[in-house]
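**Q** My questions concern the predicted model and sequence given below.
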Amino acid sequence: MKKQLNRLIDCSMCPNMCKFSCPVYLATGSETFTPQKKARLILYREKNLLEDNDGFFDTVFQCALCGSCVVNCQYDDFDIRDFITNERSIAFEKGFVPPLMEKVLENFNKFGNPSGERETIDKGEGEIGFFVSCNTFKDKSILSATEKILNKAHVDVKEFGGGDICCGAPLFFAGDMDGFKKKAEQMEKLIKEKGVKRIITNCPTCIKMMKKHYAEVGVSIGVDIVHTLTFTKELIDEGKLSLKKVENKSITYHDPCILAKDLDILEIPRTILKNIGYSLREPAYTGKDAHCCGGKTKVGDRNTRDAISSMRENELKETKAPEYVSACPTCKDVLKSLQMKDIAEIVGEALE
Amino acid sequence: MKVKSFLSKGEDISSEFIEEVKRIVGEKYVSKDERDLISYSVDYWLYGVYKTQFGEIPAIPSAVVSPKNSEEVQKVVRLANKYHVQITPFGGGSGVLGAAIPFNGSIILNTQRMNKFISLDEVSQVAVFESGIIGTNLEKELNYKGYSLGNIPQSISCSTVGGWVSTRAAGQFSTKYGKIEDMVLGLTAVLPDGEILQIKPVSRKSTGPSLKHLFLGSEGTMGIITEVYLSVHKIPEKVIKNSFAFDSVETALDMVREVVQTDAKPAVVRIFDKDETERYFGVVSNRGKYQQAFGIAGKILTGKVSPKVLSILNESKNKTSFEGMEKLAGKVAVIFISEGDEDFVSLEDTVIKKKAEKYNGIPIGEKPVDIWLSKRFDVHLGPTILRNGGIVDTIEVVSLFKDAPALYKDIIASMLNVKGAVSISGHYSHFYPESACLYITFAGFPKDQLKYYEDTWAAAMETTLHHNGSISHHHGIGFLRKPFMQKELGIAGEKLMKDVINAVDKNHIFNPGKLVERKDEKTVK
């Protein structure tokens, strides 16, 4: 931890070499919201030099946790998001909840999920668990397209989700680490009960929570979890799926931040789209340089979140592509003005 | 505030002013919040940055105002005149001379909301940007359309185009594409009286003294730049990389001088002195061992620096070996990048190789160029040195070729002579047919950081002036170099500059304490 604190000090004295990539900075023009200035403010809070606690707490919620700063960091061994998350948990302990997160937390208290009352999904048998994330649960076209792919490839899956089953990401974003730990333990128990050997899901956030952040609260789901995109590619490579070719169609792929920056999945979606026959129209900011869509509850401030979404929409529109696709149900929802599809839907449409 | 300022404090400015500004830019874009006052308290003036880790900041602004366009800037400036409120413009905050530090309780005018790519005229190859766009994003937008500006400073990821214009900045590819003054065709600026000035974008005109040049290097004293018209070029079709080893800085300077005095215009030319050659390319030489024994390691033996310091400094050394590496041992490395039209680039390559041969340059190939390309934005060591009690900074000066060898020798010697000095090294990275820019990097681990910092800067400035050089090539003046401006410009020159600024900014609204001493101004020391 001392080494990480030293890196925080280094970060606070860096020329701000990552600021160009920070979507919060770009959407607001605020120097205060750049990673380097956040580092300085975190350092000052730790030294008890700040008087305006609410101002500080708001600052740590002015972050999309997208990892652009990490990709462009001068230090290979530093991730400021760990400090931001820690400060969010302190904010939560002191009763600071950004207005944007209030409703979500209320839903968690009542229904154990961010959306509200809903049915539980529990069907099928198999060694692979298909975890229907909260955002996939809401988007039936992604869900049915994924089910269609799995059926077509004759993959037996144990499908589960809905009800109060959630990875806990919104609690993590809000800084409610006790609540997050409980959801992690609930998920661990559920997955053990299911007895599956591998989990697939459409949501990059769920993957990151279960792979990285569960470990931070002492929880392990004990099995590997991959994106349905990766699984689909495996099915294609194994010859279990055959896809119809489209002709003279171009498309723009929006890289979800966790998928591209944290999980390093850049080529798989592009390869699948090319295999189907699409020509790709890349935006100016793409791959690891793609800006975040703004998300739903990662940023605590509605105006900032919406400004980020609007910025990303405009960047994508620059390609003038007739179709847009992503691999994250949240991105699809946030960028709905582009009639964005999920890659599962594109693959579903292309199935022979 | 518990966080203390050590140069200048914020002041209570009239609440009427704040309320009126809120009506112009919107409530959320006017802030007196602690977090904002801290965040805009310093740019990248390194002694100021060093102090921030202890909870000390150079200056506290009275408020931070973030307008979204020229019209809002105009209204804010007019109000500032009405209420006698001073304004410090803030671009990317990457300046190293303290030009964006808010002295005298001035407000910060943050330009970073004005960060849009406005248009590209592909017929004339002219692009228009708002002034608050960060360099990397400017390049990304242009590259996406097949173009480049070619201004690639080390700070490209954290500096704005408005900042480049305000400091007369230069980038790593300057020997071909020029410096920012060669790229700016026109601009929009809000003058100190609130008038909006638009300088139309043409390559040249004979319409009296160039107004454009009033703003190039004005460091926010004569106007707030809001839009910039830039000459851009197509992304080059051909790139050739060369590198050579020479016996000395003098020989390398002679070789490069002869290249740039032909019609050749290599985009990148860099001469690394022996220390930088060792550090950049990881060369271990007899000279390196000798110097280590009696240089830095010698200082360890005598207790002047700790083994920890040596280990920190060694962190920056290249760790990968490459073919030809041994030929750089004890030598001065020179790298070239030639780019553009294939025919011209091939011809330039021939010229470079002939001149290198004439001066017994040993060809090393592309690898050193690739190493430089991969490390050129790596600044990770600076903060680590500061955290460990060291002081690190860079100083760039310029002189005619005839004075360059003596200036190099004496500036290194004078800076090494300052108590606490550990490492002083230099490279040349901007060339003209007549002159070259010398860029010094210094690091010291003194007991008295401020004294070391001030004495080192004074040594470098005085030595440069002694050798007929100019005290800044492209970082600007800010407040740090201001005490040397009279010697730089002469009494008449400094008076003329003051008269011009005072005439343009009659009420002394813009950027107090910077560039030259203004009338009725308290000196910030």
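**A** Nice, I can see it.

**Q** going forward, measure contacts and count neighbours with C-alpha atoms only.
**A** OK.

**Q** what bridges to the residue in the stretch 101-250 of chain A positioned nearest to chain B?
**A** For the stretch 101-250 of chain A, the residue closest to chain B is A:S250, as judged by Cα to the nearest Cα, at 17.6 Å. Beta bridges link A:S250 to A:S279, judged by DSSP bridges.

**Q** Can you give me the separation between the closest residue to chain B within the stretch 201-350 of chain A and A:E318?
**A** Relative to chain B, the nearest point of the stretch 201-350 of chain A is A:A284 (5.5 Å; Cα to the nearest Cα). Distance, A:A284 to A:E318, using Cα to Cα, to the nearest Å: 8 Å.

**Q** show me the contacts for the residue of the stretch 101-250 of chain A closest to chain B.
**A** A:Y278, A:S279, A:L280, A:R281, A:A321, A:P322, A:E323 (Cα atoms under 8 Å, 6 or more residues apart in numbering or on different chains).

**Q** Ignoring the adjacent residues along the chain, who's closest to the residue in the stretch 1-150 of chain B that chain A sits nearest to?
**A** Chain A sits closest to B:R113 of the stretch 1-150 of chain B, with a gap of 4.2 Å, by Cα to the nearest Cα. Spatially, and ignoring its direct neighbours in sequence, B:R113 is nearest to A:G29 (4.2 Å; Cα to Cα, 6 or more residues apart in numbering or on different chains).

**Q** Could I get the pLDDT score of that neighbour?
**A** We have a pLDDT of 98 for A:G29.

**Q** Count residues in the vicinity of it, would you?
**A** The tally of other residues near A:G29 (other Cα atoms under 10 Å in any protein chain shown) stands at 23.

**Q** With A:E318 instead?
**A** 12.

**Q** Nearest spatial neighbour of it, chain-adjacent residues omitted?
**A** A:P283 (6.9 Å).

**Q** can you tell me which residues contact that neighbour?
**A** A:P283 makes contacts with A:T252, A:E315, A:L316, A:E318, A:T319, as judged by Cα under 8 Å, 6+ apart.

**Q** at 10 Å what do you get?
**A** Going by Cα atoms under 10 Å, 6 or more residues apart in numbering or on different chains, A:P283 touches A:252-254, A:289-290, A:312, A:315-321, B:141, B:144.

**Q** Could you give the secondary structure assignment for the most centrally placed residue in chain A?
**A** Taking Cα atoms, centre = their mean, the centroid of chain A lies closest to A:T205, which sits 3.4 Å from it. Counting by DSSP: H, G, I helix; E, B strand; the rest coil, the backbone at A:T205 sits in helix.

**Q** Hmm, A:L259 and it touching each other?
**A** Yes: between A:T205 and A:L259 there is a contact at 8.3 Å, judged by Cα atoms under 10 Å.

**Q** and for the two, which residues touch both?
**A** Shared contacts of A:T205 and A:L259 (Cα under 10 Å, 6+ apart): A:H227, A:C328.

**Q** and the gap between A:K47 and A:R88?
**A** 17 Å.

**Q** And B:E195, by the same measure?
**A** Where A:R88 is concerned, B:E195 sits at a distance of 45 Å (Cα to Cα).

**Q** ok, those two, which is more surrounded?
**A** With other Cα under 10 Å as the criterion, B:E195 and A:R88 differ in neighbour count, and A:R88 comes out ahead with 25 against 17.

**Q** next SSE after the helix-or-strand element of chain A with minimal mean pLDDT?
**A** Across the helices and strands of chain A, the lowest-confidence element by mean pLDDT, DSSP states H and E is helix A:2-12, at a mean of 92. As assigned by DSSP states H and E, the chain's next helix or strand after helix A:2-12 is helix A:23-28.

**Q** elements contacting the helix or strand that that following helix is followed by?
**A** Sequence-wise, the next helix or strand downstream of helix A:23-28 (DSSP H and E) is helix A:35-46. Using 3 or more Cα pairs under 10 Å, 6 or more residues apart in numbering or on different chains; DSSP states H and E, the elements in contact with helix A:35-46 are helix A:2-12, helix A:53-60, helix A:68-71, helix A:80-93, helix B:34-39, helix B:46-52.

**Q** how about a cut-off of 6 Å?
**A** Applying 3 or more Cα pairs under 6 Å, 6 or more residues apart in numbering or on different chains; DSSP states H and E, one finds that helix A:35-46 makes contact with helix A:2-12.

**Q** In the helix it packs on, which residues are buried?
**A** For helix A:2-12, a neighbour-count test (16 or more other Cα atoms under 10 Å in any protein chain shown) marks A:N6, A:R7, A:L8, A:I9, A:D10, A:C11, A:S12 as buried.

**Q** for the last one, what are its contacts?
**A** Okay, so that is A:S12. If a contact means Cα atoms under 6 Å, 6 or more residues apart in numbering or on different chains, then A:S12 has A:Q36, A:A39, A:R40 as its contacts.

**Q** Columns neighbour count, pLDDT and distance to A:G129 on top of the residues you listed, output as CSV?
**A** CSV is the format used below for the contacts of A:S12 (neighbours: other Cα atoms under 10 Å in any protein chain shown; pLDDT from 0 to 100; distance: Cα to Cα, whole Å):
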residue, neighbour count, pLDDT, distance to A:G129
A:Q36, 26, 98, 41
A:A39, 25, 98, 40
A:R40, 24, 98, 43
